[in-house]
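Participant: Test case, fold it:
(one chain, ligands or ions: 2)
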Amino acid sequence: MTGSIVLFGPPGAGKGTQAGRISELTGKPQVSTGDMLRSAVANGTELGHEAKTFMEAGLLVPDSIIIGLISERLRDEDAAKGVLFDGFPRTIPQAEALAEIVSVEAVISIEVPDESIVERIVGRRMDPETGEIYHIEFKPPPKEILARVIQRKDDTEETVRSRLSAYHEQTAPLARWYSDKGLLIRIDGNRSIDDVGNSIASML
Ligand code: ADP
Ligand code: ADP
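Facilitator: Ligands and ions are numbered 1, 2, ... in the order given. Model (predicted):
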């Protein structure tokens with residue numbers, strides 16, 4: 001299969017958590033716009049500088065920046081047989097731009113109610129050495145790495161509310177857009193990490 005797969009869902013749905021397993025199963029590299037933007041911010045690039053204020057406010061980064069970033073990434077050799085998009089596209093213009101450059105074969109929508117999102121986001125931690133995602137309650141980091149895990153700057157209760165509004169206003173309409181094209185696969189994300197992963201794996 002040479003098409004790409006999109007992992008879709010609200011912030012904290014579990015896209016990043018499931019991406020590794022799907023990437024292994026399909027052989028498609030994970031392309032996370034969130035990770036790409038965070039590394040641009042950390043490296044102090046001009047793009048990072050432009051994106052930073054939007055990210056810290058919990059707003060979407062403008063489409064032109066995101067589309068430029070993705071177009072460049074898709075020129076890499078490992079993207080030739082399709083990739084696994086995580087956190088992209090997030091607006092209809094982004095999806096339209098994507099449709100011009102690659103074929104999307106499936107959109108996996110991980111559905112989680114808003115009530116569960118806040119506790120997932122606020123409890124999220126990351127190991128900066130491995131990129132592994134943890135949760136203080138649902139997937140506690142092992143003792144040996146406890147001292148080095150970090151919390152994302154935008155993972156606060158206040159910012160998550162803005163991110164959820166952005167999701168409902170700008171991103172959620174994409175579910176209908178992809179479903180009209182017959183590409184949307186809905187997964188109940190309000191179950192254990194393993195159960196969600198097994199459901200996704202059975203669909204691929
Ligand atoms: P996203 O990439 O969609 O923003 P993450 O994969 O980073 O979401 O997950 C957000 C937080 O929720 C993390 O702390 C993660 O450990 C936790 N998490 C992910 N999936 C589940 C699940 N099925 N049940 C409980 N917690 C989960
Ligand atoms: P999450 O899924 O947990 O909300 P991400 O890591 O995917 O977080 O994104 C973090 C932030 O980066 C978003 O709140 C937004 O500001 C920006 N961002 C990431 N991907 C996109 C995108 N496709 N379009 C616009 N902004 C994006």
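Participant: C-alpha from now on. contacts and neighbour counts both.
Facilitator: Will do.
Participant: contacting residues for the residue nearest the centre of the chain?
Facilitator: Compute the mean C-alpha point of the chain, and by C-alpha atoms, centre = their mean the closest residue is Gly87, 2.9 Å away. Counting by C-alpha atoms under 8 Å, 6 or more residues apart in numbering, Gly87 makes contact with Leu7, Phe8, Gly9, Lys15, Ser32, Thr33, Gly34.
Participant: so what's Tyr134 closest to, chain neighbours aside?
Facilitator: Excluding the flanking residues, the one nearest Tyr134 by C-alpha to C-alpha, 6 or more residues apart in numbering is Arg125, at 5.0 Å.
Participant: Next, the one you found: phi, psi?
Facilitator: The phi/psi pair for Arg125 (degrees, to the nearest 10) reads phi -130, psi 160.
Participant: do the same with Val104
Facilitator: Main-chain torsions, Val104, degrees, to the nearest 10: phi -100, psi 120.
Participant: Who does it form a beta bridge with?
Facilitator: Here Val104 sits in beta bridges with Ser4, as judged by DSSP bridges.
Participant: got the contact list for it?
Facilitator: For Val104, the contact set (C-alpha under 8 Å, 6+ apart) comprises Gly3, Ser4, Ile5, Val6.
Participant: Distance check, it against ligand 1.
Facilitator: The gap separating Val104 from ligand 1 is 19 Å, by C-alpha to the nearest ligand atom, to the nearest Å.
Participant: Please apply the same query to Thr171.
Facilitator: From Thr171 over to ligand 1 (counting by C-alpha to the nearest ligand atom), the distance is 13 Å.
Participant: for Pro142, same thing?
Facilitator: To ligand 1, Pro142 is 13 Å away according to C-alpha to the nearest ligand atom.
Participant: Could you list the low-pLDDT ranges of this structure?
Facilitator: Applying pLDDT under 70 to the chain flags residues 1.
Participant: again, only using 80
Facilitator: Applying pLDDT under 80 to the chain picks out residues 1-2.
Participant: which parts of it sit against ligand 1?
Facilitator: Taking C-alpha under 6 Å from any ligand atom, the part of the chain that reaches ligand 1 is made up of 11-17, 120-121, 123-125, 133-135, 138-139, 189-193.
Participant: Out of those, list just those in helices.
Facilitator: Mapping these onto helices (DSSP state H) picks out Lys15, Gly16, Thr17, Arg120, Ile121, Ile193.
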